[in-house]
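Undergrad: Sharing a model prediction with you, sequence too.
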Amino acid sequence: MAKYNQHLLVCGGTGCRASHSDAIVESLNRALVERNLDGEVKVVMTGCFGFCEKGPIVKVLPDNTFYTQVTPADCDEIVAEHIYKGRKVNRLLYTNPENQEHVSDSKHMGFYRKQIRIALRNCGFIDPENIDEYIARDGYAALGKVLSSTPEQVISDLIKSGLRGRGGGGFPTGLKWQITSKVKADQKYVVCNADEGDPGAFMDRSILEGDPHSVIEAMAINGYCTSASKGLIYIRAEYPLAIARLKVALRQAREYGLLGENILGSDFSFDIEMRYGAGAFVCGEETALIHSMEGHRGEPTFKPPFPSESGYLGKPTNVNNVETYANIPVIILKGPEWFASIGSEKSKGTKVFALAGKINNVGLIEVPMGTTLREVIYEIGGGIKDGKQFKAVQTGGPSGGCLTMKHLDTPIDYDNLIAVGSMMGSGGMIVMDEDDCMVAIAKFYLEFTVEESCGKCSPCRIGNKRLHEILTKITKGEGTMEDLDNLRNLGQVIKDTALCGLGQTSPNPVLSTLDNFWDEYLEHVTEKKCRAGVCKSMLRYVIEPDACVGCTACARNCPVNAISGERKKAHEINQDICIKCGACVEKCKFNAIFVR
Amino acid sequence: MTKIKSLADLRKIKDDVQEKIRLRENADQPEKLVQIKVGMATSGIASGAKEVMNFLIEELEKRNVDAVVTQTGDMGYCFAEPTIEVILPGQEPVVFGNVNVKRADEIIEKYIKNGELVDGIIPRNYETIDNK
Amino acid sequence: MELIKLTIDKKSVEVEKGTTILKAARQIGIDIPTLCYFSLGDMKIENKPGGCRICVVEVEGRRNLAPACATECMPGMVVRTNTIRVLNARRTVLELILSDHPFDCLVCAKSGNCELQDLAHKFGIREITYKGEQSTYRKDTSPSIIRDVDKCVMCRRCEMMCNDVQSVGALSAVNRGFMSVVAPAFEMNLEKSVCTYCGQCVAVCPTGALTEVDHTRQIIAALADPTKTVVVQTAPAVRAALGEEFGLEPGTLVTGQMVTALREIGFDYVFDTDFAADLTIMEEGTELLDRLGKFLGGDKSVKLPILTSCCPAWVNFFEHNFPELKDVPSTARSPQQMFGAIAKTYFADKIGVTRKDLVVVSIMPCLAKKYECSRDEFKHDNNPDVDFSISTRELAALIKQANIDFKALPAEDFDNPLGESTGASVIFGTTGGVIEAAVRTAYEVHTGKKLDKVDFEELRGLEGIRHAEIDFDGLKLNIGIAHGLGHARQLLNDVRDGKSEFHAIEIMACPGGCIGGGGQPLHHGDSSILKARQMALYREDAEKPIRKSHENPFIIKLYEEFLGKPLSEKSHHLLHTHYFDKSTKITVE
């Protein structure tokens, strides 16, 4: 067996692969062979490191050097300089935006400093296609421990740990298991919800791509605790890499006998099948997910009965999300007290967030519950892009709420977010700056929920459509005060009457922006003004007569002939014709055209 | 692939495969381990640094010392190549010059294992290598 | 039985565990409005998708409002059904539904009988706050049913009937969000789908999204044409339900008034499909005895059970779903078609009118009959045996249009020769009736003995699947009965798998049989109406002087003068049919 002195970890998440991390692995290997180092240095493709803003990432071990935005062309230099001569390639190191210094070690990077990685513990660390590496990290030890214990004991530990569902609802996981375990049935199922539908959120995908075995192990534990012999992973077909890695992992687990009959010599038998979703957002809702797995229309049904009583094929079914599962083996091994010591009073452990929007460090982060929005945005996220002013942060995916400056010091947990009119959701976090119009943002999210509504209940099917229409009217500058009243009433009624979680939360972006950015709505309606300059219909391009020299450049370049005026005399823009394309502003050499 | 039939089987596999990723585990918590940096600039390689580094990696493992051995660039002691820097947990770095396999063996046994100083220590005229 | 105590609008109520808030409230006289909810309680037919959200109520301790139709009562629950929050939510939701609904109530077939219109009236909606885009779809017309799903409110009742009750599977929800609608797969036309035209979707649709194809205009035109002789036949189940359209109690028999009304409207001859039902018994009963005799005699080419074939939706159903069994049902045409064939030959000759100038109209409780008229097998030189079939509802509309005071009409008798009927034919309108009529005749023909008692109570009822053993003087005849196509499918599966032990099976597509047909006055989920109609038919049977088909003097005369004997060549030509394999793969346009 070759003895490797150094490991080169290359991010093989979907994002970095799109930036050719495959080719990076190839180039690194080639460079190593050229220098006869292939026997000493091992190149490993891992799951996601999280710092997607700076991907593709290559990490050199054991000295923990963290190279960012690596291209295949950089590989030769990394091998020649770093591996062969021990000199770090400074130009590829992360630069601290505050002091412009190179930071070689991920531990000293602001992005990683406040993170605690539990669910993501193996992502970017092991080769997800090699079960041995997972076992080396105590993989399947939790399953072994559980099998020599009673389901009641394990469930009681899980309840003690305080783990709550990471898919959005925040229901106590242990309690859910307990309910399923107590229902008597000849067949039960455990289901992993991998139908990650929030646009921008990709923690579940990353876990499945980077550490599939942790989910498989947790599902087996779940099966043992609820007396289910069958597991199903419902994953969207748009996740080909996660599907491929899961398939490899399932095969390896079966080969080792960690899935199948009499696992680890016990009486417990368990296996897992995959089910593919077509990417309907609503199928993340557990009853809709179950209907979809059964081959029916993916739409939710009224609860109760809960899936734990009557789920897949009418049998008791325990549905948990990927991130929830990923936490479970560690909780079993390290104990519920350890887990409960992390996080806030009612929300224990960590939560993975997908940071996106107008923020410097876009990526996937895992922080203890109770971390404040400010810490996440400014310390981990590195603050707002291009030195702009922070305006809002939207948490919880498309049906979360938009929070503002005054919420920045709110410690993030399930209950706090709901209290301020948003939610945890699956952990999307989108940061907005002064260039974002909050009315347009609300409209943007509504567009998504209108598109993704299953159409079953009237408030969601028609109500969200109407909300979207009113918002469109307002962004066009045609809104009235009555529209604002209607928005609020309609939003509240939808929240109050919709059938499932998707519908009940879909007005959140509207209601929260009405609460937190009322003055912006008012401006749109009363002054027909969009302060961010996003709502084009409200913009007015005006020529300042004193500054205009009558050069005719603007008139000649206007695509719709909206500008008139005699040569050498001030020109004028006909607002009825102007399409607000901005061509005139670009052509004016005298800064005589203004946008109001 | 042979089936894992018991928890004991699983532990055995873990022990076997753990070696493969120990290097990564250790890299994650260097402050708790012995850290050794080998000067691997052109002059160092020419004077046998590579050989010394491989020896250190293999021997430390054989002798059950949890250590992280990494290479580094020119330390600026060309007169005394190959040079190595050793940081024992919680202690100041110490630099040894003219290290060959035999001296490396001595450094492991005396300094790393027992904390006894050996000949050939070069006075530190710098902070630590990385902060240079 | 576990009882649960709860409070609704400050009134305390005790209900069985598992009762919904809606039912608990109704128990104490609180009527929570509903739209998508639908139940034919006794017949185990229920639709509660919880989709419309009209029935929401406030439950103390609950974050959002609860749908009363789908929420089970819990001990100590405190429910409020009329708080401002609830009323505002309901009103807003109704306005939303109306905002996506065409405003053509004035010309809508359902106007005056529309549950959405009723709600709008009840809520006093005067304007729609939330106006916006309306979802529009292609209009789909089939021989029987019109789908105008712009008016669909996604209550899913039709889907429930089509799938859960009828197991037909022609309709299901398609598309997402605002464009969701109930439609055949790939939004193909109903005509291209596996639809049987049973019309149960139409029978439960709360709005005008699903209605029958209206033929009243063509009938008025025929009546106005001096060159045409127009004959009408009325199906048995019509007389037991028509009165409801004029405010009479369900179960009121209006046979005589109906005849008078039809004469007043201007039909030249008012005949009775019951006559043809007696004829059907002669043919089908003889076929049964014939097949039974051969079967018992060891003839391997003969298959049993024999299945009734009066119901056109049922015929469509097995042609689509069990083509391999198309030799099993009786070849006897339905009474409607037997009537048409005899009217356009025997009767036309008698009165000296050519086939072309004789227009045969049928009044049916059924929508599949419209399609049946259009089948090529039932045409001669492209002239159909039955020209137009209209539903009970269409007849009511015609009577109202003609300004006839129906309730005040005197009772008159049908014309002869095709108006005379027996008690056996009247009960064709209810589940179990066809087979009972067949047994009355087959018994006497087979045994040569007179029946002491013609009532076979063991064949009656409203259970979905029933069976009985009838003693034919030593020969034990196993009889199966199914109504509702879902139940029929269960029996058919057994027949296909060779597990059926029945000699004869009666099948009717609609729950309750023709009394619950897709063309009947809307029952709006009141199953007591179906029971009342059924009782009415048995009453008429009991009151008839002749109660066995083979004793109908005009039937005897018809055989003597024209047909010869049952299963004669002429009978085969005019009164029997053959079936087709319609299981060909569905093609998407």
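TA: Yes, it's here.

Undergrad: all contacts plus neighbour counts: C-alpha atoms, from now on.
TA: OK.

Undergrad: interface residues of chain A facing chain C?
TA: A:297, A:301-302, A:304, A:450-463, A:465-466, A:469, A:486, A:490, A:493, A:495-499 (C-alpha under 8 Å from any C-alpha of the partner chain).

Undergrad: Out of these, which are close to chain B?
TA: Within the residues of chain A next to chain C, nothing lies near chain B by C-alpha under 8 Å from any C-alpha.

Undergrad: Return the residues in contact with the residue of the stretch 101-250 of chain C found nearest chain A.
TA: Residue of the stretch 101-250 of chain C nearest chain A, by C-alpha to the nearest C-alpha: C:G177 (4.0 Å). C:G177 sits next to A:450-456, A:460-462 when contact means C-alpha atoms under 8 Å, 6 or more residues apart in numbering or on different chains.

Undergrad: Within the helices and strands, which one has residue 25?
TA: Answering for chain A, as no chain was given. helix A:21-34 (DSSP states H and E).

Undergrad: ah, I was thinking of chain C
TA: Counting by DSSP H and E, C:A25 is part of helix C:21-27.

Undergrad: Give me the contacts around the lowest-mean-pLDDT helix or strand in chain A.
TA: Ranked by mean pLDDT, DSSP states H and E, the weakest helix or strand in chain A is helix A:85, scoring a mean of 79. Residues outside helix A:85 that contact it (C-alpha under 8 Å, 6+ apart): B:40-42, B:45, B:71-73.

Undergrad: Would you show me how to pick out the buried ones of the residues you listed in ChimeraX?
TA: In ChimeraX, selecting the buried portion of these, with burial taken from 16 or more other C-alpha atoms under 10 Å in any protein chain shown, looks like this:
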select /B:40,41,45,71,72,73
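
Undergrad: which SS class is the residue in chain B that chain C sits nearest to?
TA: Chain C sits closest to B:K3 of chain B, with a gap of 45.1 Å, by C-alpha to the nearest C-alpha. Assigned with DSSP: H, G, I helix; E, B strand; the rest coil, B:K3 falls in the coil class.

Undergrad: and the helix holding A:V25, what other elements does it pack with?
TA: strand A:6-11, strand A:41-46, helix A:75-77 (3 or more C-alpha pairs under 8 Å, 6 or more residues apart in numbering or on different chains; DSSP states H and E).

Undergrad: give me that answer again for 10 Å
TA: In terms of contacts (3 or more C-alpha pairs under 10 Å, 6 or more residues apart in numbering or on different chains; DSSP states H and E), helix A:21-34 is packed against strand A:6-11, helix A:14-18, strand A:41-46, strand A:58-61, helix A:75-77.

Undergrad: So for that helix, what gets flagged as buried?
TA: Quick answer for helix A:21-34 (16+ other C-alpha under 10 Å): A:21-22, A:24-25, A:27-32.

Undergrad: re earlier: relative to A:G550, how far out is the residue of the stretch 101-250 of chain C closest to chain A?
TA: 53 Å (C-alpha to C-alpha, to the nearest Å).

Undergrad: Which residue would you name as the spatial centre of chain C?
TA: The centroid of chain C falls nearest to C:G517 when counting by C-alpha atoms, centre = their mean (1.2 Å).

Undergrad: from what I can see it touches C:A240, true?
TA: No. When contacts are counted by C-alpha atoms under 10 Å, C:G517 is not listed as touching C:A240 (11.9 Å).

Undergrad: returning to what we had before: check the offset of the helix holding C:A25 from the chain's centre.
TA: Its chain's C-alpha centre and that of helix C:21-27 lie 29 Å apart, by C-alpha atoms, centre = their mean, to the nearest Å.

Undergrad: name the helices or strands packed onto that helix?
TA: strand C:3-8, strand C:11-16, strand C:56-59, strand C:66-67.

Undergrad: now what about that helix, what contacts it?
TA: C:6-9, C:11-16, C:29-34, C:37, C:55-57, C:59, C:66-74, C:77, C:79, C:81 (C-alpha atoms under 10 Å, 6 or more residues apart in numbering or on different chains).

Undergrad: show me which of those residues neighbour chain A.
TA: C:55-57, C:66-67, C:70-72 (C-alpha under 10 Å from any C-alpha of the partner chain).

Undergrad: Now rank those by neighbours and give me the top one.
TA: The most crowded member of the ones next to chain A among the contacts of helix C:21-27, judged by other C-alpha atoms under 10 Å in any protein chain shown, is C:V56 (32 neighbours).

Undergrad: how about the residue nearest to the spatial centre of chain A, what does it touch?
TA: Nearest to the mean C-alpha position of chain A, counting by C-alpha atoms, centre = their mean, stands A:A201 at 1.7 Å. Each residue near A:A201 by C-alpha under 10 Å, 6+ apart is listed here: A:352-356, A:363-364, A:396-397, A:425-430.

Undergrad: rerun at 7 Å
TA: A:354, A:427-428 (C-alpha atoms under 7 Å, 6 or more residues apart in numbering or on different chains).

Undergrad: How about C:K303?
TA: Counted by C-alpha under 7 Å, 6+ apart, C:K303 has contacts C:V328.

Undergrad: how near is it to chain B?
TA: 58 Å (C-alpha to the nearest C-alpha, to the nearest Å).

Undergrad: Look at A:D127 and say how many residues are nearby.
TA: 25.

Undergrad: Excluding chain neighbours, give the residue nearest to it in space.
TA: A:T46 (4.7 Å; C-alpha to C-alpha, 6 or more residues apart in numbering or on different chains).

Undergrad: give me the residue from chain C nearest chain B.
TA: For chain C, C-alpha to the nearest C-alpha, closest residue to chain B: C:D497, 45.1 Å.

Undergrad: how near is the residue of the stretch 101-250 of chain C closest to chain A to C:A89?
TA: 20 Å.

Undergrad: Ok, A:G12 next?
TA: 50 Å.

Undergrad: who has more neighbours, those two?
TA: Taking other C-alpha under 10 Å, A:G12 and C:A89 do not tie; A:G12 has more neighbours (31 against 26).

Undergrad: Only alpha carbons, please: show stretch C:137-155 as PDB.
TA: Extracted C-alpha coordinates of stretch C:137-155, given in PDB (Å, rounded to 0.1, in the frame of the first residue of the first chain):
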ATOM      1  CA  TYR C 137     -59.100  26.600 -21.000                       C
ATOM      2  CA  ARG C 138     -60.300  25.000 -24.200                       C
ATOM      3  CA  LYS C 139     -63.900  24.100 -24.200                       C
ATOM      4  CA  ASP C 140     -64.500  20.400 -24.700                       C
ATOM      5  CA  THR C 141     -67.600  18.900 -26.100                       C
ATOM      6  CA  SER C 142     -68.300  15.200 -26.300                       C
ATOM      7  CA  PRO C 143     -71.500  13.400 -27.400                       C
ATOM      8  CA  SER C 144     -72.800  13.500 -23.800                       C
ATOM      9  CA  ILE C 145     -70.900  15.900 -21.600                       C
ATOM     10  CA  ILE C 146     -69.600  19.500 -22.000                       C
ATOM     11  CA  ARG C 147     -66.500  20.500 -20.100                       C
ATOM     12  CA  ASP C 148     -66.300  24.300 -19.600                       C
ATOM     13  CA  VAL C 149     -63.600  24.200 -17.000                       C
ATOM     14  CA  ASP C 150     -63.200  27.900 -16.900                       C
ATOM     15  CA  LYS C 151     -65.900  27.400 -14.300                       C
ATOM     16  CA  CYS C 152     -64.000  24.700 -12.500                       C
ATOM     17  CA  VAL C 153     -63.400  25.600  -8.800                       C
ATOM     18  CA  MET C 154     -61.100  22.600  -8.200                       C
ATOM     19  CA  CYS C 155     -63.500  21.000  -5.700                       C
END
